[in-house]
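> Show me how the following folds:
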Amino acid sequence: MKRLVQVGAAALAVAALTLVPGTQAEAGKCKKYSASAVGVPADMAKGLAKVGLDTEIAFAGAKAKGKTSYKCSDPVLAECKATQFACK
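Below is the predicted model of the structure:
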């Protein structure tokens, strides 16, 4: 039963990641990219948001600059947003 809950939580997190595309804010040749994800533990949501952010930056053909920042909500069913600057 515990395994079923874990698989269900992972499926929910992946579905949330695909439904919430990242956004871009203009800043010259560099842009601020962001991606969001939902996960049962906050660590899972944070990891999925980072994967989404890395994917978005890679598809844009940009290179990440600086540290990734995270903002997460509730620790049980967390929604995390990862943001980072990237330049072409």
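
> what comes up buried for the one helix or strand residue 38 maps to?
Using DSSP states H and E, residue 38 falls within strand 30-39. Within strand 30-39, the residues scored as buried using 16 or more other CB atoms under 10 Å are 31, 33, 34, 35, 36, 37, 38, 39. For the C-beta atoms, the positions are set from N, CA and C on the backbone; glycine is no exception.

> how near is the first one to residue 57?
Relative to residue 57, residue 31 is positioned 9 Å away (CB to CB, to the nearest Å).

> One more: the third one?
Computed as CB to CB, the residue 34 to residue 57 distance reads 10 Å.

> Find residues that contact each of these two.
Counting by CB atoms under 8 Å, 6 or more residues apart in numbering, the shared contacts of residue 34 and residue 57 are residue 84.

> pLDDT below threshold where in the protein?
By pLDDT under 70, the low-scoring segments of the chain are 1-28.

> just so I have it, where are all the strands in it?
Under the criterion DSSP state E, the chain contains strands at 23-27, 30-39, 63-72, 78-87.

> Ok, which of these comes nearest residue 50?
strand 78-87 (5.2 Å; CB to CB).

> intersection of neighbour lists for residue 31 and residue 57?
Joint contacts of residue 31 and residue 57 (CB under 8 Å, 6+ apart) are residue 86.

> Now that we have the buried residues of strand 30-39, can you turn them into TSV and tack on distance to residue 80?
Output for the buried residues of strand 30-39, formatted as TSV (distance: CB to CB, whole Å):
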residue	distance to residue 80
31	20
33	15
34	11
35	9
36	7
37	6
38	8
39	7
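
> quick one, what contacts residue 87?
Applying CB under 8 Å, 6+ apart, the residues contacting residue 87 are 29, 30, 31, 62, 63, 65.

> Pairing partners for it in the sheet, please.
Beta-bridge pairing for residue 87 (DSSP bridges): residue 30, residue 63.

> what's the distance between it and residue 29?
Taking CB to CB, one finds residue 87 at 6 Å from residue 29.

> cool, residue 83 as well?
Counting by CB to CB, the gap from residue 83 to residue 29 is 18 Å.
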